[in-house]
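Visitor: Return atomic coordinates for the entry below.
(4 chains, ligands or ions: 4)
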Amino acid sequence: MSGRTEGALSRHQSQNWEQPLPATEATAPAPDSALLLVEGVTKHFAGVMALSDVSLEVRPGEILGLLGENGAGKSTLLKILSGVMPPTSGRIVFDGAEFNPHNPQDAKRHGIVTIYQELSLIPTLTVAENIFIGRAPLGPLGLVSWRKMEQDSRAIIARVGLDLDPATPVSALSVAEQQLVEIARALSLQSRLIIMDEPTSALTETEVQKLMSIMDRLRRDGVAIMFVTHRLEEASAICDRMTVLRDGRLAGHLDREGGPIKLPKIIEKMVGRAASELYARPTQRDVAGDVRLSVRGLRTVRDPQAPHAIVLEGVDLDLKAGEILGVAGLVGSGRTELARAIFGADRIAAGTITLDGKPIAPTSPADAIALGIGLVPEDRKHQAIFAALGILNNFSIAALGRYSNAAGFMAERREREALASYRKTLSIRMASPEQAIEGLSGGNQQKVILARWLARDPKVLIVDEPTRGVDVGAKAEVHQILVQLAARGIAIMMISSELPEVLAVSDRIVTMRRGRITGEMPGIEATEEKLMELMALDRKQEATP
Amino acid sequence: QDKLTILGSIPNLGFPFFVHMLNEIKAEAAAQGVNLIESDGQNSAPKQTADIEAALVQKVNAIVISPLDVNALAPAIEEAVKAGVPVVTIDRRVDGVEGILAHVGADNTKGGEAEAQAMVAAFPNGAKLFHLQGQPGAGPAIDRNKGVHNVLDPLKDKYQIIFEQTANFARAEALSVTEAGLAANGKPDAIICANDDMALGALEACAARNFTDVKIYGFDALPEALVAVRDGKLAGTVEQFPGEQSRTAVQIAVAYARDKTEPKEKLVLLTPIVIGKDNLDKAERLGETK
Amino acid sequence: MSSTTEQAQRGGINVARLLMSFGPLMFLAVLIVVFTVLKPSFIDPINIFNIMRQISITGLIALGMTFVILTAGIDLSVGSLLAFCGMVAAVVAKGGTANTLSLSTSGTQGYGWFAALLAAVVVGAMAGGVQGFAITRLKVPPFVVTLGGLTVFRGLTLTISNGGPISGFDASMRWFGTGLIGPVPVPAIIFAIAAILCHIVLRYTRYGRAVYAVGGNAEAARLSGLRVDRILISVYVIVGFFAGLAAFVLSARLNSSEAVAGIGYELTVISAVVIGGTSLFGGIGSVGGTVVGAALIGVLQNGLQFNNVSSYTQSIVIGLILILAVAFDRWLKSRVRR
Amino acid sequence: MSSTTEQAQRGGINVARLLMSFGPLMFLAVLIVVFTVLKPSFIDPINIFNIMRQISITGLIALGMTFVILTAGIDLSVGSLLAFCGMVAAVVAKGGTANTLSLSTSGTQGYGWFAALLAAVVVGAMAGGVQGFAITRLKVPPFVVTLGGLTVFRGLTLTISNGGPISGFDASMRWFGTGLIGPVPVPAIIFAIAAILCHIVLRYTRYGRAVYAVGGNAEAARLSGLRVDRILISVYVIVGFFAGLAAFVLSARLNSSEAVAGIGYELTVISAVVIGGTSLFGGIGSVGGTVVGAALIGVLQNGLQFNNVSSYTQSIVIGLILILAVAFDRWLKSRVRR
Ligand SMILES: Nc1ncnc2c1ncn2[C@@H]1O[C@H](COP(=O)(O)OP(=O)(O)OP(=O)(O)O)[C@@H](O)[C@H]1O
Ligand SMILES: Nc1ncnc2c1ncn2[C@@H]1O[C@H](COP(=O)(O)OP(=O)(O)OP(=O)(O)O)[C@@H](O)[C@H]1O
Ligand SMILES: [Mg+2]
Ligand SMILES: [Mg+2]
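Guide: Numbers count the residues shown, from 1 in each chain, chains lettered A, B, ... in the order given. Ligands and ions are numbered 1, 2, ... in the order given. Predicted coordinates:
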C-alpha cells in the first residue's frame, strides 16, 4: 500500500511540505468489503433525467474518483448520498444497512461528510463559526465558548495551510480561502466517508498538494473518499479507482493497475471516444501587435471592509494586441486585484493605465467597458450570473446599447440572432434563450458569460479563472475560443490557477506574488517548475515579513 | 411670578376636528396668559400617556386633555391627579378616577342619538339606511355607533340599516364603500356617517350616481360640512361645540391653578345638536366658511 | 411569476393554461365567480367600473412599486408622499392654502389642473429622487430611508395644511377623478394606460432589462457596466412620480386633498406587488402580476362590502385569502413544470 | 453592526471606541446631551424611567423581531397580535368579555394575573407558530403571511371584544405595568431582563448561532445539517411570545386592553431593529443594537415632546434623524477599520 501512495504523490514529492507519513496499513480495514453501495440509482428532475441506473461502490480506505463531463450527474449523485435530495429510485447501502438519508443531518450522523460544489459557508459568520456550525464548543453553564472555538479553529485551518484570524467573517475571504475553510471544516468532522465535489477548482498547485497529502493520510486511516474534479491529472495522481458517468449513466469503472490511471483512458470513458492530446502546447504564434494596454506603478488602497485583501504594490505590465498573457500566482497573490483595478472595479491609489497610448482612468466598470475593456470575473455565481434571468438577458446585459434602438427599445430579433450565432460558434448547449441560466452546466454558463463580452467586441478582455469547474471537453473549447479571439487582435489577459492551462494557451506568462509582478517569460519557454519558483512564497521572507 | 404652564393634549392631530380643538386651547391659553405644552396622542394611548408623564416631569400646573380612550388613559390621569396636578377632561369623560377637577363635554353617544333622531324626524314614515361607521375599536366610533343604534334598534321595523360598513373615518374609503353599497343595494333614503369626512365621501359617491336626494348626515360640524349643509348637499351634521368645550376647560383649569378657584360646576355638559340648513347660525365654526 | 406570466404576456397561451399557471389570477377568477353567484349584480358593469376606479389609486402606485421591488428595494413612504403631493396639487390648483373651505367650483384663483398635475408629479418624482439619493449615496437601506420619508412627508403635509383638508376643485380637474370616457371611468383609463406603458418599459426597453439585472444581482450588474446607482435612483423617482399622479387623481376624485390621505397605503401597495408574484429579493416579477394583485385586493374588498359582511369578518377573510392565494401559487409552481 | 458591537459585547472595549464605532449609539449619546442642555430636567431620573417604561413595550417586541429579521424574515403582524393577546389576557383576567366597563378593581371573577399572562404569551407564541408554519410549509413569503396576520388578528380582536376595550384589572396585574422596584418601573425591568436573556441566547447558545446561520444563507445552513424549517418556525414563535408579553404589560399599564392597540407598531418595532444595525437580508445584527435603536426612538420622541416641539415638526425631525443616524453609522463603518 505504501508503494501505491508513493506513486500517487510522486508528482508532488519535490514540494511535499508534510512530514513523511508513518505507515499505518495495519489499521486499515480489509479493502474489499464495501462501505457504500449504490445500486441502480435513478433521479428525475421535472423532465430531466439526471441519473439513470447508476451503481458503484466505495471501500474503506480508498479514494474513488467520480468523473464525467459537466452535467453528467456527479453532483446529483453526491447530493443524494448526503441527504440533500432523495433518489427517484434505487438502493443505497451504507455500512451493510439500507441507507435513506432524509436530510444532510442524517448523513452527517452516519459519518458522511460533504464538501459541496457550490460553497456552503455562511458568509456573514466568522471562519470559526462556520467550522463549528451546529456544534460550537460549550463552556461552563452550557454557553458557547468563543475563545475555545477560535483556538480550535485556528488549529483546524492550519491543517490545510491557512493562517487567518478565525474571527474574520467569511465574506471577507477570497474564493480559494473559502474553499480551504470548507475543506478544513469537513476534515475536522468525525467521518467515515468524505464526499468532495470539486474541492480543488479554486485552488492553486500548492494548496492542491497540501490537500492531496491530507487525503492520503485519511486514506491510511481507513476513511473513504469520493472525489470529483475536472482536473484529470489530479484525479489520476490520487485516485485508487474511478467511476465515470456520462449523460447520467454509468460509463464504466477504472482501476489503478500498478500505476496511475492514464488520462486518455479517462477521457475516452468520459466523452465516449478517444481523446487527442488534452492541452495543445502553444505553437509560437506571431504576436506582432502593438502594446494595447500598459500599466505602470499601479497601487491599490486597503479597503476597510476587506482588511485581508491583497493590495497591489506597484505593478508594471504591458499587454499587446493579439496576445494571450497568462497571469500565474498563488492564492492571494493579487491577480484578481490587478484585474479589478484595471477594470475600474476597485479604487486605484497610484499608477497610470494607458490604452492604445492614451492614458485612461476608469473609475467604474461602466467606464472601462466604454473604453473597450471586458472582464470575466472569477466568481461566476456572485459576480457574473443573474440567476433569476434567462440566458438571453444574461447574454446581452453588457451590450444593451448594441441591441436596442435610439429610443431605448430592445431590438429583440437582433439580440436573438446574435445569441444564436454565439451559441453556434461557442457551441453552447442550451434548450432555449428563455431557459434560466441556472439550469445550464458550469461550462455552458461560462460560455454564455464569454459571449456576453464578445458581444461588446472588446479591445482588451481579462478572464479570471475562465475554466473553473468546466469539464475537459468544454475547457478545450474555451481555450480554443481564447486563441481565436486573440487571433482577431483582442488583447487577452488570462488569470488561472491551473498551471497546465496557463502553459497551454499563453503566449507570454507573468507571475505574481504578494501584489507584485515577480517574473515574465514567453509561453513556449515556461515550465511548471520555473513558474512555481517565481510564484512561491519565499519562506524566509514569509518568516520575517 | 413665573408664568403658569399647562398641558393641552388631544388624541390625534391628523383629524381636523382635533386640530380645531387644539387651536382653541391655544387661543384660550394665550388669552389667559399661560404657557401651553401641546401634545398630540397620534392615535395611540401609550403615546398620550407618555406625553402626560413627560408633562408631569416638567411640573405643569394643570392638564387639559381630550383622552383618546377613556379607559386606557385613566391610569395616566390618575397619576396626574396623584401628583396634585388639576386635570380637566374634554369631550370624553373618564369614569372611575377620583379627583378630576372637572369635565367639559358633549357626549359622543348623545351625538349619535341626535344624529339618528334627526334622520327619524326627516323620514317619519320609515326609511332605508346606509350607516358608515368610524375606525373599528376607536372610542368615538364606538360611542357614536352606540348612539345611532340606541335610537334605531327599537325602530327596526321602520328604519332598516341595509348596509353597514366601516370607512375608518376616511373620505376616500367612504367614497368607495358607498359606491359598493349603492351598486349592491341601490339608492337608500339616508346615509348616517360617524364623521363629516365620511359624509363628504358618501356625498361624492351619490353625486356620481346622480342620487341627489339621499339625505346624508355627518358628525363634527367641520366648516367644509357646514358649507355642504348650506348648499343643501348634506342634510345635517352634529355639532358638539369642541371650541367652547376647549375654552371652558382651559378657563376652569387656569382658574384653579392660579388661585385654587373651584369650578362652579364639576360637570359641564353641552348638548350636541344637529346643524341643518335652518339652524346654521348655531354652528361654532360658521365664521370660517365665508 | 417570471416565466409563466411572461409567457402569457407574449400571448398565444390559452386562458385555461394561464389560469392554471398563475395562482393569483385563478383565485381572482374564482372570487369573481363566487361573488357573482352570491349576488349577480356584482358583475354589473357599474360595479366592475367601481372596482376599477377603486383600484386605480393604489394600482398606480403599485406600478411604480413594482420597479422598486424589482431592484430588491422597498418604498414605505408612498402613502405619506401621496398625501404630500395631493396637498401640493391642491395648493397649486387653488392658488394657496387659505381658501380651504369653499366647495364651490367657481372663483378659484388657482393655476388650473395642468399646473396642479405637473406640481404633483414633479414633487413626487423629486421626493423619490431625494430618497434614492440617500439610499445610493448615504448607503442607508431603502427600508430606513423610506420609513423616515413616511414620517417626514406626513409631517410636511400636516404643516402645509395645518391638519385640515383643502377642498373644492374646478370641473376640469375633477374630470380626472370622476369623469367617464364612454362608460369607463377616467381613473381606470389612466391606470390602464400607465400599466401598459410600464409593462412595455419593463419588458421591451433597455432600461427595463437593467432594472431586472440590478435586482437580480447588483454586483454582477455593476461588473457588466450598468450604472447601478442611477438605476436605483430612477426607480424611486418613478414610484414618486406615480405617487404624485395617484395623488392628483385621488384629489380630483374626492374633490379634496386631505392630510390623512394614504395612511397605510404602503402595505396595500406592497401587497398588490408581492401577491402579483414579484419577489421582495428582486429580479423576479412583472407588471401583469401587479395588476392582478391589485385587482385581487380590490375585488375582495368590494365583494365583501357588496355582501355587507361585517368589517371584523372582512379583515379576517381578506387576510386569509391573501395568504391562500399566494400559497396556492407556490403550490402550482412547485407542481407545474416551468 | 456585527463585528463592532459584538466586540463591545465581548467586553473590554472602552466607551469612546464603542461610541465611535457604532453610529446609532453615538447619536443616542449626542441626543441625550442636546436634550439635557436644552432642558436640564430631561435627565431627571423620573424622566429617564419614563423613557424606559415607554420603550419597554415596543422594545420587548423588537427583541423578538431581532430573531425574525436575523433569519431574513419579517413580521408585520406584531401590532395586531399585541392587540389580540391583550384582549385574550383581558378576557382571562376578567373571566369574560361582558364586564368591559367596570374600572373597579374589586369583584372581578377572573382567573388572576398569572393565568392572563400565560394566556397572552401562549396565544402569542401559538399565533407565531401558525405563521411560521405557513411560511415554511406553504412556502409563502413572511411578508405576505404576516401581512395577512396583521388583518386577521385585528379582525379577531375586534370580534372578541366587539370593538370595545376591556378594562379594569386587579392590583396584582396592574403592578406589572405600573409598579416600581426601588425607583425602577417594572416594565423597564422586564425589558432589561428579556434583553439580557435574548442577548445570551443569540450570542452564546448553539440555537442562537443557528439563527444567524439560517439568516446568513439558508441553503448553506441546511447543507450544514441545521434544521432550517424548525429554526424559522421558532423565531416566529419567539416574536409571538414577546408580542404576548408586551400585550400583558401594556394592558397592565393602561388598565385596559383596547381593540385598537398596537396599530402601526410593526413599523416602530422594525425601525428599532434596523436602526440597531440588523440587516433586513439576515445574518447580521445584535440584541444590543436593537436596544440602542429602541432607545434612540424613545429618547427622540420624549425629548421633542419635552421641548414642546409641535407634533408636525416632530414627525419631520424624527424621520430625518432616523435616516441620519443610520447614514452616520454607514459612514463610520466605511472609514473605520474593522
Ligand atoms: N435542481 C435541479 N433541477 C433540474 N435539473 C437539475 C437540477 N440539478 C441538476 N439538474 C440537471 O441534472 C443534470 C446533472 O447535473 P449535475 O449538477 O449533477 O452535473 P455535474 O456532473 O455535477 O456537472 P458539473 O461538472 O458541471 O458540476 C444536469 O443536466 C442538470 O441541468
Ligand atoms: N472582490 C473583492 N473584494 C474584496 N476583497 C477581495 C476581492 N477579491 C479578492 N479579495 C481579497 O483578495 C485576497 C486574494 O487576492 P486575489 O483574489 O486578488 O488573489 P488572486 O491571486 O487572484 O488569488 P485567488 O486565486 O484567490 O483569486 C483575498 O484575501 C480577498 O480577501
Ligand atoms: Mg457538479
Ligand atoms: Mg483571483
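Visitor: now the stretch 1-150 of chain B, which segments are flagged as low pLDDT?
Guide: Of all residues in the stretch 1-150 of chain B, those with pLDDT under 70 make up the ranges B:1.
Visitor: how about the residues of the stretch 201-338 of chain C near ligand 3?
Guide: Within the stretch 201-338 of chain C, not a single residue sits near ligand 3 (CB under 5 Å from the ion). The C-beta positions use only the backbone N, C-alpha and C, and glycine is treated the same way.
Visitor: show me the contacts for the closest residue to chain D within the stretch 201-338 of chain C.
Guide: Closest residue of the stretch 201-338 of chain C to chain D, CB to the nearest CB: C:Ser315 (3.0 Å). Taking CB atoms under 8 Å, 6 or more residues apart in numbering or on different chains as the criterion, C:Ser315 is in contact with D:Thr151, D:Val152, D:Arg154, D:Gly155, D:Leu158.
Visitor: Quick check: the third one vs ligand 3, distance?
Guide: This points to D:Arg154. As for D:Arg154, its distance to ligand 3 is 49 Å (criterion: CB to the ion, to the nearest Å).
Visitor: what about that residue, which helix or strand?
Guide: D:Arg154 is located in helix D:142-161, with elements delineated by DSSP states H and E.
Visitor: mind listing the strands for chain B?
Guide: When secondary structure is read from DSSP state E, chain B shows strands at B:5-10, B:35-40, B:62-65, B:87-90, B:102-105, B:127-133, B:159-166, B:190-193, B:215-219, B:236-239, B:267-269, B:273-275.
Visitor: Nearest residue to the residue of the stretch 201-338 of chain C closest to chain D in space, ignoring adjacent ones along the chain?
Guide: Sequence neighbours aside, D:Gly155 is the residue nearest to C:Ser315 in space, at 3.0 Å (criterion: CB to CB, 6 or more residues apart in numbering or on different chains).
Visitor: wait, isn't that neighbour in contact with C:Val309?
Guide: No: look at D:Gly155 against C:Val309 with CB atoms under 8 Å: they stay out of range, at 10.7 Å.
Visitor: Between the two, tell me which one has more neighbours.
Guide: Taking neighbours as other CB atoms under 10 Å in any protein chain shown, D:Gly155 and C:Val309 compare with D:Gly155 leading, 24 against 16.
Visitor: just to revisit the earlier point, now for D:Gly155 and C:Val309: what residues contact both?
Guide: Shared contacts of D:Gly155 and C:Val309, defined by CB under 8 Å, 6+ apart, comprise C:Val317.
Visitor: shaky segments in the stretch 51-200 of chain C?
Guide: C:96-109.
Visitor: And the strands in it?
Guide: With DSSP state E, counting those that start in this stretch as the definition, the stretch 51-200 of chain C shows strands at residue ranges C:166-167, C:180-181, C:184-185.
Visitor: now the ones you listed as CSV including distance to chain B and mean neighbour count?
Guide: Supplementary listing: the strands of the stretch 51-200 of chain C in CSV, determined by distance: least, CB to the nearest CB, whole Å; neighbours: other CB atoms under 10 Å in any protein chain shown:
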stretch, distance to chain B, mean neighbour count
strand C:166-167, 6, 26
strand C:180-181, 9, 12
strand C:184-185, 9, 18
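Visitor: Any chance of CSV for the ones you listed, columns distance to A:Phe132?
Guide: Shown next, in CSV, are the strands of the stretch 51-200 of chain C (distance: least, CB to CB, whole Å):
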stretch, distance to A:Phe132
strand C:166-167, 63
strand C:180-181, 67
strand C:184-185, 63
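Visitor: hang on, isn't B:Ala138 packed against D:Ile263?
Guide: No: with contacts counted by CB under 8 Å, B:Ala138 stays clear of D:Ile263, the gap being 9.5 Å.
Visitor: shared neighbours of the two, anything?
Guide: Common contacts of B:Ala138 and D:Ile263, defined by CB under 8 Å, 6+ apart, comprise B:Asn43.
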